[in-house]
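> I'll drop the sequence and a predicted model, then ask my questions.
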Amino acid sequence: MKIVIGSDHAGYEAKERLKKFLQALGQGVTDFGCHSYDAVDYPDIAQLVAESISRREFDRGVLLDGFGGAVALAANKVPGARAVCAYDVVSARFAAAHEDANILCLGGKTHGEVALQEIAKAFFSTAFEGGRHERRLAKVQSIERKYQGYSCV
């Protein structure tokens with residue numbers, strides 16, 4: 001599996017540890033940054049990761065910030081991105097199996113190293129089940145198409 005990873009400065013340390021863990025599992029991991037503790041705006045990294053997933057350059061991605069929510073919000077603005085926050089192994093498996101999520105969003109400040117590893121391992125080892133979930137995913141994609149190019153601002 002080809003994985004892309006990215007974080008803002010709040011998720012930097014956790015990203016570095018998680019990247020090494022995934023590589024040790026034999027996953028191909030490409031790092032889109034950030035590459036230091038220097039402040040970086042989360043939308044910039046989230047957009048890079050989400051666009052690469054949408055273009056199918058990678059199979060799945062992982063984004064980290066302080067709690068996971070900000071990067072998910074930004075990534076989901078990119079058509080084709082299905083970014084989800086997972087807080088445990090069960091939510092990670094359901095996100096992959098039922099929603100065909102393609103970007104896992106995690107909090108570097110809200111979870112310890114082992115928890116992040118277990119959540120990521122569950123997400124990346126779980127395939128989309130299809131079946132009844134395909135109908136629901138098609139509805140989500142229909143909503144996405146309907147509002148492409150629309151702005152409420």
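Thanks, I have it. Numbering: from 1, shown residues only.
> flag the shaky bits of the protein, pLDDT-wise.
Residues of the chain meeting the criterion pLDDT under 70: 152-153.
> residue ranges of the strands in it, please?
For the chain, the strands defined by DSSP state E cover 2-7, 28-31, 60-65, 83-85, 103-107.
> okay, Phe128 and Val4: tell me how far apart.
Distance, Phe128 to Val4, by C-beta to C-beta, to the nearest Å: 18 Å. For every residue, glycine as well, the C-beta is placed using N, CA and C.
> mind exporting the lengthiest helix in the chain as CSV, just the C-alpha atoms?
Across the chain, the longest stretch assigned as helix under DSSP state H is helix 132-147. Listed next in CSV are the C-alpha coordinates belonging to helix 132-147 (Å, rounded to 0.1, in the frame of the first residue of the first chain):
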residue,chain,number,x,y,z
ARG,A,132,-24.8,-2.1,1.4
HIS,A,133,-22.2,0.6,2.1
GLU,A,134,-21.7,1.3,-1.6
ARG,A,135,-25.2,2.7,-1.8
ARG,A,136,-24.5,5.1,1.0
LEU,A,137,-21.1,6.1,-0.3
ALA,A,138,-22.7,6.8,-3.7
LYS,A,139,-25.1,9.2,-1.9
VAL,A,140,-22.2,11.0,-0.2
GLN,A,141,-20.5,11.3,-3.6
SER,A,142,-23.7,12.7,-5.1
ILE,A,143,-23.8,15.4,-2.4
GLU,A,144,-20.2,16.2,-3.1
ARG,A,145,-20.8,16.6,-6.9
LYS,A,146,-23.9,18.8,-6.2
TYR,A,147,-21.9,21.3,-4.2
